[in-house]
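1. here you go, sequence then predicted model.
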Amino acid sequence: PRVLSAVIDAGYTDPTPIQIQAIPSALEGRDVLGIAQTGTGKTAAFVLPMIHHLSKGRARARMPRSLVLCPTRELAAQVAENFEKYAKNVRLSMALLIGGVSFKDQDKLIDRGVDVLIATPGRLLDHFERGKLMLTGVNIMVVDEADRMLDMGFIPDIERIFKLVPFTRQTLFFSATMAPEITRITEEFLHNPVRVEVARQATTSETILQAVVKHTPRRKDTGASEKREVLRRLIVSEGEALTNGIIFCNRKIDVDVLAKSLKKHGFDAAALHGDLDQKLRMKILQAFRDGELKLLIASDVAARGLDIPNVSHVFNFDVPIHSEDYVHRIGRTGRAGRSGKSITLALPHEQKYLDKIEELVKKPIPLMESPLAGGPAAVEPEPVEERSSSR
């Protein structure tokens, strides 16, 4: 009941499909294999059962009772926020082991003993190797966004950590996709897991209105600046409907260029990419979440695992080269049943990437007229009916 009241205080009344399927099994102490993308409510699907189990018992020095592994420091920080939110009525201690945060403070916490340790794999192993930490007291281990871990080369670290925690622990394992390498790990380290699957792989949410604006520049060398003008006009033409938006670029350098250009034209925008200092990244993200910043310009890496509940628009300034990234990008809007809109800008040379995306999501993305084409400023894209057959 103490956990439930915290959930209600956070403004949630109905569980999402993954929560309905995963929480009962997790409460019974079963291993869970959850196949779900971000935005499905999966964090609460492991945080809530963990709080329930950990509310009984106390932590011993240097021996965390549970472990949550996340691919990036942003994701780890978000999971920590979730714990704070839902465990506010339960006395639980927590430490965060991530890059960009000083070792000393976290050392003190771990020395005292924590109920929950949230970490990125490399940082955790560093700590373990320095003799600062024992993993023999871990009762529950969570691996979140395993497919990202695979992308980032963390799989050997994950295997090593699995071998360091007790065999009898409960494992909750989440991944958006099931690559062969991930399947192998789950078969090796999970004991008879309950498999929970939400939303087919490579489908875009029904709540997102998608459109693509194709623009042919007047000259080759003006492509980038014309594209920025197309974006500015689109932002303006969306009017009041655009409460906040994330704009994706394929390269870090373009993130900076675009952010500077938008600011110069009077737009409320900030850049988010991997080279920023951790404190600054957290500050920018918080401002965006709190509604103080309207436009966030990001690279794919910087946006991995970002949990920002209300985004009205996603703009793809560049067509993503990897078509899965399209699904991840536009999945930042239309989350948890809300509606959202995604607009992709494509120059002629990006057509091949667009074809790949349409092949993946098994449907054409409706065309919207370019605001620079001299036609009407904005054409409402049609909501797309999901078709399961390939074109």
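-> Looks like it arrived, so ask away.

2. how about the helix or strand containing Arg281: buried residues?
-> In this assignment (DSSP states H and E), Arg281 forms part of helix 278-289. Within helix 278-289, the residues scored as buried using 16 or more other CB atoms under 10 Å are 281-282, 284-285, 288-289. Quick note: C-beta positions are derived from backbone N, CA and C, even for glycine.

3. likewise for stretch 72-89?
-> So, applying 16+ other CB under 10 Å, buried residues of stretch 72-89: 72-80, 82-83, 86-87.

4. cool, and stretch 181-198?
-> 182, 185-186, 189-190, 193-194, 196, 198.

5. which of these sits closest to Asp144?
-> Distance to Asp144 across these (CB to CB) is lowest for Ile182, with 12.6 Å.

6. where exactly do the strands run in this structure?
-> Per DSSP state E, the chain carries strands over the ranges 32-35, 66-69, 94-97, 116-119, 140-143, 170-175, 194-197, 208-214, 245-249, 269-272, 295-299, 313-316, 340-346, 367-368.

7. dump the buried residues of stretch 181-198 to TSV, plus pLDDT and distance to Lys163.
-> Shown next, in TSV, are the buried residues of stretch 181-198 (pLDDT from 0 to 100; distance: CB to CB, whole Å):
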residue	pLDDT	distance to Lys163
Ile182	89	17
Ile185	93	12
Thr186	94	15
Phe189	95	9
Leu190	95	14
Pro193	94	18
Val194	93	23
Val196	89	25
Val198	79	29
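
8. among those residues, which two are most distant?
-> Taking CB to CB as the measure, the buried residues of stretch 181-198 have their most distant pair in Phe189 and Val198, spaced 21.8 Å apart.

9. just to revisit the earlier point, tell me the one of the buried residues of stretch 72-89 nearest Leu372?
-> Here the nearest of the buried residues of stretch 72-89 to Leu372, counting by CB to CB, is Glu74; it sits at 34.9 Å.

10. coming back round to it: reformat the strands of the chain as TSV; add distance to Lys352.
-> What follows is the strands of the chain, written out as TSV (distance: least, CB to CB, whole Å):
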stretch	distance to Lys352
strand 32-35	29
strand 66-69	36
strand 94-97	42
strand 116-119	40
strand 140-143	35
strand 170-175	28
strand 194-197	31
strand 208-214	13
strand 245-249	18
strand 269-272	27
strand 295-299	21
strand 313-316	15
strand 340-346	10
strand 367-368	17
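
11. and of the ones you listed, who's closest to Gln21?
-> strand 194-197 (4.2 Å).

12. can you list the strands that the closest one pairs with?
-> Paired neighbours of strand 194-197 in the sheet (DSSP bridges): strand 32-35 (parallel).

13. residues in contact with the strand it pairs with?
-> 18, 22, 25-26, 42, 45-46, 171-178, 186, 190, 193-198, 201 (CB atoms under 8 Å, 6 or more residues apart in numbering).

14. tell me the two of the buried residues of stretch 72-89 that are most distant?
-> Thr72 and Ala87 (22.2 Å).

15. check the chain for its longest helix and report it.
-> helix 223-238 (DSSP state H).

16. hang on, Ile140 packs against Met50?
-> Yes - Ile140 lies in contact with Met50 (CB atoms under 8 Å); the separation is 5.6 Å.

17. common neighbours of these two, please.
-> 66, 172.

18. where's Val255 relative to His273, distance?
-> Distance from Val255 to His273, counting by CB to CB, to the nearest Å: 5 Å.

19. who's more crowded, the two?
-> Counted by other CB atoms under 10 Å, Val255 and His273 do not tie: Val255 has more neighbours, with 24 against 21.

20. that one contacts Ala270, doesn't it?
-> No - judged on CB under 8 Å, Val255 makes no contact with Ala270 at a distance of 10.0 Å.

21. who touches both of the two?
-> Looking at what touches both Val255 and Ala270 (by CB under 8 Å, 6+ apart), the common residues are Ile297.

22. circling back to that earlier point, quick one, the helix holding Arg281 and strand 245-249 angle?
-> Relative orientation of helix 278-289 versus strand 245-249 (axes from the mean of the first three to the mean of the last three CA atoms, to 10 degrees): 130 degrees.

23. put the alpha carbons of helix 278-289 into CSV.
-> The C-alpha trace of helix 278-289 is given here as CSV (Å, rounded to 0.1, in the frame of the first residue of the first chain):
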residue,chain,number,x,y,z
GLN,A,278,27.5,15.6,-17.3
LYS,A,279,26.2,18.4,-15.1
LEU,A,280,25.3,20.5,-18.1
ARG,A,281,23.5,17.6,-19.8
MET,A,282,21.4,16.9,-16.7
LYS,A,283,20.6,20.7,-16.5
ILE,A,284,19.5,20.9,-20.1
LEU,A,285,17.4,17.7,-19.8
GLN,A,286,15.8,18.9,-16.6
ALA,A,287,14.9,22.2,-18.3
PHE,A,288,13.3,20.3,-21.2
ARG,A,289,11.4,18.1,-18.9
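
24. and it, what does it pack against?
-> Counting contacts by 3 or more CB pairs under 8 Å, 6 or more residues apart in numbering; DSSP states H and E, helix 278-289 packs against helix 73-86, strand 269-272, strand 295-299.

25. can I get these in CSV with mean pLDDT and distance to Arg160?
-> Below are the helices and strands packed on helix 278-289 laid out as CSV (pLDDT from 0 to 100; distance: least, CB to CB, whole Å):
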stretch, mean pLDDT, distance to Arg160
helix 73-86, 86, 18
strand 269-272, 91, 31
strand 295-299, 91, 29
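
26. Met134 is nearest to which of those?
-> helix 73-86 (20.3 Å).

27. and the closest one with helix 278-289, angle?
-> Using the same axes, to 10 degrees: helix 73-86 against helix 278-289 is 60 degrees.

28. picking up where we left off before, can I get the buried residues of helix 278-289 in a markdown table with distance to Asp31 and pLDDT?
-> Shown next, in a markdown table, are the buried residues of helix 278-289 (distance: CB to CB, whole Å; pLDDT from 0 to 100):
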| residue | distance to Asp31 | pLDDT |
| --- | --- | --- |
| Arg281 | 34 | 81 |
| Met282 | 33 | 80 |
| Ile284 | 37 | 88 |
| Leu285 | 32 | 85 |
| Phe288 | 36 | 88 |
| Arg289 | 33 | 84 |
